[in-house]
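Visitor: coords below, sequence missing:
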């Protein structure tokens, strides 16, 4: 007799009772209360209403009517006290005088607070204010305080209690743990994480956090040998700046402020108490991150890579105000900068006689010089900086180049002023367009995404890394201009080649600006041309419109699509490590999902960072036959309440299966998003629709066509087949079978 699909075969243990485990047919249609009562009756345990079922693994998750459908055959559960009774018992122990029992209760609380069912019961008993009070009065230290902070963070992450409900006393106590160098590692890590969440979720308490946490102390935590503490310290720095008021961000980008703060920090060390949000790009943070994280003894992990990406994105965004500011023609300082550009380049042209030239002649001379500098509006170069972006940021970079690389600047300007008309590389126009390009490449002004991990170590190696980056690139542009023997009409072509050179060099992640410069030396115009030709020969579409070629393409296209489909399914069989998401990305928590080799079941489960667990180690599974469909973006169940980071929704997708459940994904990047959505569509026998799939099909189709048509090289292919000849006058030539 076939077993009903509603029956799940599992084992139930009763830890600490000495009783043998029960093998149970778990009926999904039977009320959970009745199942627990039957289990208690077998073991003769009274008061079944005070008990519940819980997974026996380290997840400590309670079985409820909502999640009971996730139980699979072979699961091991345990009988334990109900969430309600457990929460009540823990609260009583926390209020009691027995220190041993209190420690045990806090340890248990730290383990099970991640479970939403227990958390709801504990919160309903005013458990969070009780924990906060224990922190505020300073009665608990050491191991107990570590348990308290761990549980508090887990409970708050459920989003039931508002961070605004916390008191200034609590914030100050937690900040004290951060400012104390001798703090326990767990206490310090959890304290940093709590302050990060407060900074991100409470505007009023943010002010208190930013004033209580000192710059010098966080610097010392980034120097820690504990990678989790390093990561939390960088995350707190990012959070403080991310939520900083606009005026503080402006102040953070002031060069004068940075110089004063750096000098003060060197004099006062860790005693510095300036607001951290004003120091995102300060020299000390940059140097410590470079020496203790990027160049540290351990490989940069996934979470740290994300925090470095956020930190670098926020640092680049300090340029946004200048990028979006038009030049004010009444601003004397900006006028002086334009004059300085002319003086540095044409100082030798100044009148050395000491006589004052006539005003008309001076105006003509200035106009001639500004024309040589390559400004479009050489009579009034200020007009060139009215467009935003790049606004006055372009002028800032030009002045930096002239001031700190005067020899290179003078050589570039004078060299082009001596070229014949039409072949000079206009410094002014080139600088403005290059500034636009660099901001676009580095995504200046964009909000950090929740999944981004792309950062460039070389920008941590210099106090003015972006400015130096510009100086290298403007000289590259001039070099490429000469190599291409370009004229004014070729300006866009040159910029396209320069963009390619910069992006290829950045893709290799050079460790320093000198390393970046070295990479560019191997990417001359001739080398870029060779690389493009090679890539074009490998990837270009077959653009022949001849009818036989088109018919051949259509004939072999299904084979290519099937080949891409097999590749997608093979990738799903290998599996992928995904970040966990709740109402936000969960740090350092991952899960792995892979398709069974027979393409019939999706297996998934929790996993460690950088792990590749075999299919046997993934306890959860979903039969493909039960999958109803796939949804993407904002239609995903887990994205409906997701408020932060626009970039996350574009990488989200969910598999819908019976009865009304979903397996929720957020892909690490667009490529994996396309592969997984294509693969699931293929499993459901639906059309694969991603751009990645179309590109792969076209690439393979082009290569296949070239191979098939090798023998037709230099043979013209007609647009249409030759005409059929007319019928012969008679068919007497036919063989006579009679």
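Guide: The structure has been received and is ready for your questions. Here the structure is a predicted model, which means the values were calculated and not measured.
Visitor: Residue 437: how many residues sit nearby?
Guide: 19 (other Cβ atoms under 10 Å). All C-beta spots, glycine's among them, are computed from the backbone N, C-alpha and C.
Visitor: So which residue is dead centre in this structure?
Guide: In the chain, the centroid-proximal residue (Cα atoms, centre = their mean) is residue 452; its distance is 0.9 Å.
Visitor: Which residue is the nearest non-sequential neighbour of that residue?
Guide: residue 309 (4.5 Å; Cβ to Cβ, 6 or more residues apart in numbering).
Visitor: tell me what the strand or helix carrying the one you found is packed against?
Guide: Assigned by DSSP states H and E, residue 309 belongs to helix 302-317. In terms of contacts (3 or more Cβ pairs under 8 Å, 6 or more residues apart in numbering; DSSP states H and E), helix 302-317 is packed against helix 227-242, strand 585-595.
Visitor: Pull out the buried residues from the longest one.
Guide: Of the residues in helix 227-242, those with enough neighbours to count as buried (16 or more other Cβ atoms under 10 Å) are 227-242.
Visitor: Over to stretch 118-130?
Guide: Using 16+ other Cβ under 10 Å as the test for burial, stretch 118-130 gives 118-119, 121-123, 127-129.
Visitor: Report the rounded mean pLDDT for it.
Guide: The average of the pLDDT scores along stretch 118-130 is 94.
Visitor: again with stretch 564-571
Guide: Averaging pLDDT along stretch 564-571 gives 95.
Visitor: Please renumber the chain so that the first residue is 469 from this point on.
Guide: Taking 469 as the first residue, the last one we looked at is stretch 1032-1039.
Visitor: Tell me the one of the buried residues of helix 695-710 nearest residue 869?
Guide: Checking these against residue 869 by Cβ to Cβ gives residue 709 as the nearest, at 27.8 Å.
Visitor: what angle do the helix holding residue 777 and helix 695-710 make?
Guide: 30 degrees (axes from the mean of the first three to the mean of the last three Cα atoms, to 10 degrees).
Visitor: Can you give the contact residues for helix 770-785?
Guide: With contacts defined as Cβ atoms under 8 Å, 6 or more residues apart in numbering, helix 770-785 is touched by 695, 698-699, 702-703, 705-706, 709-710, 748-749, 757, 761-762, 768, 910-916, 919-924, 927, 934, 1047, 1055-1056, 1058, 1077-1078.
Visitor: Filter those residues down to just the buried residues.
Guide: Here, 16+ other Cβ under 10 Å leaves 695, 698-699, 702-703, 705-706, 709-710, 748-749, 757, 761-762, 768, 910-914, 916, 919-924, 927, 934, 1047, 1055, 1058 buried among the contacts of helix 770-785.
Visitor: pull the longest helix from this protein.
Guide: helix 1015-1042 (DSSP state H).
Visitor: and the helices and strands packed on helix 770-785, which one's lowest on average pLDDT?
Guide: Lowest mean pLDDT within the helices and strands packed on helix 770-785: strand 1053-1063, at a mean of 83.
Visitor: For that strand, name the packing helices and strands.
Guide: Applying 3+ Cβ pairs under 8 Å, 6+ apart, we find strand 1053-1063 packed against helix 695-710, helix 770-785, helix 1015-1042, strand 1044-1049, strand 1069-1075, strand 1129-1134.
Visitor: What strand or helix carries residue 522?
Guide: Assessed by DSSP H and E, residue 522 sits inside strand 519-523.
Visitor: Now do the helix or strand just after that strand against strand 519-523, angle only.
Guide: Counting by DSSP H and E, the element after strand 519-523 in chain order, helix or strand, is strand 544-549. Angle of strand 544-549 versus strand 519-523, following the same axes, to 10 degrees, is 150 degrees.
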